[in-house]
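> predicted model and sequence below, questions to follow.
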Amino acid sequence: MRAVAQRVVSASVTVDHEVISSIGRGLLVLVGIGADDVQADIDVLTKKILTLRMWPDPATDSAWKLNVKDIGGEILCVSQFTLMANTTKGNKPDFHRAMGPESSRVMYESVLDKLRALYDPAKIKDGRFGAMMNVSLTNDGPVTFTLDSRKAESAPPENPTALPDAGQP
């Protein structure tokens, strides 16, 4: 499961020329669900969304001290299967790693349910699953993080073909 979390001043989702959801200060989170994702992925990702320190503490002027709950922020989630695309071969995205629409809808609803259970349910908003949406936002920073529920994928890859530093043989 992947997410792109963006710190925002405000964000909204429009479907068929109608604003269906909007938030003030908080996070816009795009959520991609993989074909092999399970409840454990939901648990990891929702915890990270709620606890990642993306705001400074005005009392100490220290960066990266507060999370969305600390600031009383809102969260707008938007399902986005394109986050699961494989773009390594050719120019056409391959979406085989994305979960199918029926199962993905259930998983996405579980993400929302988990966020609501762990935080203020009134502060969790979402778009319309499967719809063509216009997503508007005003970035704050900008501050944007890519989150992945799998630890193995978050480790930096070894690069045996890396060129040596300048001055190194």
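Perfect, I can see it now.
> might one say that residue 57 is in contact with residue 71?
No - the pair formed by residue 57 and residue 71 falls short of the contact definition of Cβ atoms under 8 Å, at 9.7 Å. Bear in mind the C-beta positions are built from the backbone N, C-alpha and C, glycine included.
> and the strands in the protein?
2-15, 18-23, 26-32, 55-57, 62-66, 74-79, 124-126, 134-148 (DSSP state E).
> in the fifth one, what's buried?
In other words, strand 62-66. By neighbour count on 16 or more other Cβ atoms under 10 Å, the buried set for strand 62-66 is residue 66.
> okay, now the sheet partners of that strand, with direction.
strand 55-57 (antiparallel) (DSSP bridges).
> quick one: contacts of the partner strand?
The contact list for strand 55-57, computed with Cβ atoms under 8 Å, 6 or more residues apart in numbering, reads 7, 62-68, 70-71.
> take those and write them to a markdown table, including distance to residue 78.
Shown next, in a markdown table, are these (distance: Cβ to Cβ, whole Å):
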| residue | distance to residue 78 |
| --- | --- |
| 7 | 15 |
| 62 | 30 |
| 63 | 27 |
| 64 | 24 |
| 65 | 27 |
| 66 | 23 |
| 67 | 20 |
| 68 | 16 |
| 70 | 23 |
| 71 | 21 |
